[in-house]
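Asker: I need the structure of the sequence given here:
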Amino acid sequence: MRILITNDDGVRAPGLVELVKVARRHGEVKIVAPDHERSGCSHAISMHDPLRVKPVEWDHLEAYEVNGTPVDCVNVGLTVAWPDGCDLVLSGFNNGPNLGFDVTYSGTVGGAMEGEINGVRSIALSIANFVSGAPIHYESGAAWLAANWTMLVEAPYKPLTFLNVNIPSIAYPEIQGFKVVAMGKRIYEDRVEMRHDPWNRPYYWQGGVVVMDPDQPGTDVEAVNIGYVSITPITIDWTDYAHAEEIQTYMHRRRLNK
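Answerer: Predicted coordinates for the structure are as follows:
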């Protein structure tokens, strides 16, 4: 199996190290990742700046760092590392959860999405830690993936769909199992905060406080909060077909009534 690994935390991130340890047991791994953290860049692509690709030392594996986004890294990977294509794109392990609406911001998810756009089975993997400063249990993510690799990688595959996996940041024996679930709601309050620099000039810092109601049955938010790994199939065809039909009927009636 030919495997391309990327992330949004940087080519030397500890989550990437743990993911590589598992993946290399199952095939030939090549790594293409950003040269620094690119969290929150979503599915951004570099269009007006040149991409610099630098080989890096990585325990006898072919690896590159790129001055771009995870999307750039996947495209570079499929050009430089795997010019004849690969079988699997893995993006992660991310430092933090990618639950609910977070998938629209996540560079980790963006990397998996780009793999799927290129027609490659793709999986985004995140370690869902919620307490700032608490230990990040990458080893639990690695242990869970090692135990469930075949199940995850050989799951029924649907084109234009990738998997978003969140593993609770708890000790591995405490993980309750896994649930295949829908996206929940994870929103932020006070997204933009005004601050002042030393010259008393205002500037704005974006972030906010997560507002996450764990009482969301059947969602990734609920699953992770009660100790389960969440697995969510995400389609990159964003068309709401039922609503499109409703709009078509409405507009057709309006036109006939003129």
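
Asker: export the helix or strand E114 falls within as PDB, just CAs?
Answerer: E114 belongs to helix 107-117 when elements are defined using DSSP states H and E. Only the C-alpha atoms of helix 107-117 are listed here, as PDB (Å, rounded to 0.1, in the frame of the first residue of the first chain):
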ATOM      1  CA  GLY A 107      -6.300  22.300   7.900                       C
ATOM      2  CA  THR A 108      -6.200  18.600   8.900                       C
ATOM      3  CA  VAL A 109      -9.600  18.100   7.300                       C
ATOM      4  CA  GLY A 110      -8.500  20.200   4.400                       C
ATOM      5  CA  GLY A 111      -5.700  17.800   3.700                       C
ATOM      6  CA  ALA A 112      -8.000  14.800   3.700                       C
ATOM      7  CA  MET A 113     -10.500  16.600   1.500                       C
ATOM      8  CA  GLU A 114      -7.800  17.400  -1.100                       C
ATOM      9  CA  GLY A 115      -6.800  13.700  -1.100                       C
ATOM     10  CA  GLU A 116     -10.300  12.800  -1.900                       C
ATOM     11  CA  ILE A 117     -10.600  15.500  -4.600                       C
END
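
Asker: quick one: list the elements packing against that helix.
Answerer: Using 3 or more CB pairs under 8 Å, 6 or more residues apart in numbering; DSSP states H and E as the contact test, the elements touching helix 107-117 are helix 70-76, strand 88-95, strand 121-128, strand 161-168. Where C-beta positions appear, they are placed from N, C-alpha and C, glycine not excepted.

Asker: now these in a markdown table, with mean neighbour count and distance to L145?
Answerer: Output for the helices and strands packed on helix 107-117, formatted as a markdown table (neighbours: other CB atoms under 10 Å; distance: least, CB to CB, whole Å):
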| stretch | mean neighbour count | distance to L145 |
| --- | --- | --- |
| helix 70-76 | 27 | 19 |
| strand 88-95 | 28 | 8 |
| strand 121-128 | 26 | 7 |
| strand 161-168 | 25 | 8 |
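
Asker: redo these as a markdown table? Include mean pLDDT and distance to P34.
Answerer: What follows is the helices and strands packed on helix 107-117, written out as a markdown table (pLDDT from 0 to 100; distance: least, CB to CB, whole Å):
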| stretch | mean pLDDT | distance to P34 |
| --- | --- | --- |
| helix 70-76 | 98 | 6 |
| strand 88-95 | 97 | 11 |
| strand 121-128 | 97 | 15 |
| strand 161-168 | 97 | 19 |
